[in-house]
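Peer 1: fold the following, please.
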Amino acid sequence: MVATRNHPKDFEPAPSELAAKQSPSKRSHSGWSHTPSNLTLIWLVFSLPLVIWDTGYVLLRPHSMPGGALHWPIWQPYAYYGTVDGAYGFKAIRENNGWTAAQGWVNLLETVAYCVYLYLVYAYGQQEATQGRGAPEQDALGSLKALAESRTVYGREASWAVLLGYSTGLVTFSKTVLYWMIEAFTGFDNIGHNDWFTLIVLWGIMNGLWIGFPLYMMYVFGQEILQGLESATEGGKKVR
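Peer 2: Predicted coordinates for the structure are as follows:
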């Protein structure tokens, strides 16, 4: 008995248990978290290169336009799109229309913000098989159920990520709606010459993506922000 009392190390936890307690990856998390689905993250990874491509064309005009030194091969498709949407073509240059360039600079700021958001999610998040907030039910997706899984961020980084994602989505949504409203209130000055198929497919649907997905992000992230505020007020825990 004396020997036992003189060897307190016999009562210390095993090294494996101590490591598990000290390892951040093995600590249990509770409370509020940011749970973007893989579907949301795939949209951002898919859309950002397109936005960068578009922004480069807009900010480098007229060099990126047909006849310019930078037009071929990167921005060659805009030779046609500039005839669909006059805001992207020579019409805007002749009329000294500054809207397209202004939105190009906003695109640049949005891109930086989305990249920071993705960094926070991938650097501090954990891939989980649980249902991502706002995503379709996993059972309904069948073999594609991984799209509905969550990459979960906890703690302070979760707060930064969800606030940044929501506010940037709001900017993207508002800017694109404003783009549509300008056309409506100018009598469709830049796009009214198109047939219905071209107008719907190449202008409506393509631009509509940057209304639909940001609106979805605002709805999902807004719910998380409200739930976080409620948890702080009531001392509750997030339920997914």
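
Peer 1: helices or strands up against the helix or strand containing E224?
Peer 2: Element membership for E224 (DSSP states H and E) is helix 206-234. Secondary-structure packing of helix 206-234 (3 or more Cβ pairs under 8 Å, 6 or more residues apart in numbering; DSSP states H and E): helix 38-59, helix 155-185. In this view, the C-beta of every residue, glycine as well, is placed from N, C-alpha and C.

Peer 1: please redo it, this time with the cut-off set to 6 Å
Peer 2: The elements that helix 206-234 packs onto, with contact taken as 3 or more Cβ pairs under 6 Å, 6 or more residues apart in numbering; DSSP states H and E, are helix 155-185.

Peer 1: hey, what's the angle from the helix it packs on to helix 206-234? Just curious.
Peer 2: 140 degrees (axes from the mean of the first three to the mean of the last three Cα atoms, to 10 degrees).

Peer 1: show me how far helix 155-185 is from its chain's centre.
Peer 2: Going by Cα atoms, centre = their mean, to the nearest Å, the spacing between the C-alpha centre of helix 155-185 and its chain's C-alpha centre is 9 Å.

Peer 1: now do the buried residues in it.
Peer 2: In terms of neighbour count (16 or more other Cβ atoms under 10 Å), helix 155-185 has its buried residues at 157-166, 168-170, 172-173, 175-176, 179, 183.

Peer 1: so for it, mean pLDDT?
Peer 2: Helix 155-185 comes out with an average pLDDT of 96.

Peer 1: which helices and strands does that helix pack with?
Peer 2: Using 3+ Cβ pairs under 6 Å, 6+ apart: helix 155-185 touches strand 33-34, helix 99-124, helix 206-234.

Peer 1: picking up where we left off before, specify the angle between the helix holding E224 and helix 99-124 in degrees.
Peer 2: 50 degrees.

Peer 1: lowest-confidence helix or strand of this protein?
Peer 2: Least confident helix or strand of the chain, by mean pLDDT, DSSP states H and E, is helix 15-22 with a mean of 45.

Peer 1: pretty sure P62 is in contact with A69, am I right?
Peer 2: No: proximity of P62 to A69 does not meet the contact threshold set by Cβ atoms under 6 Å, at 9.8 Å.
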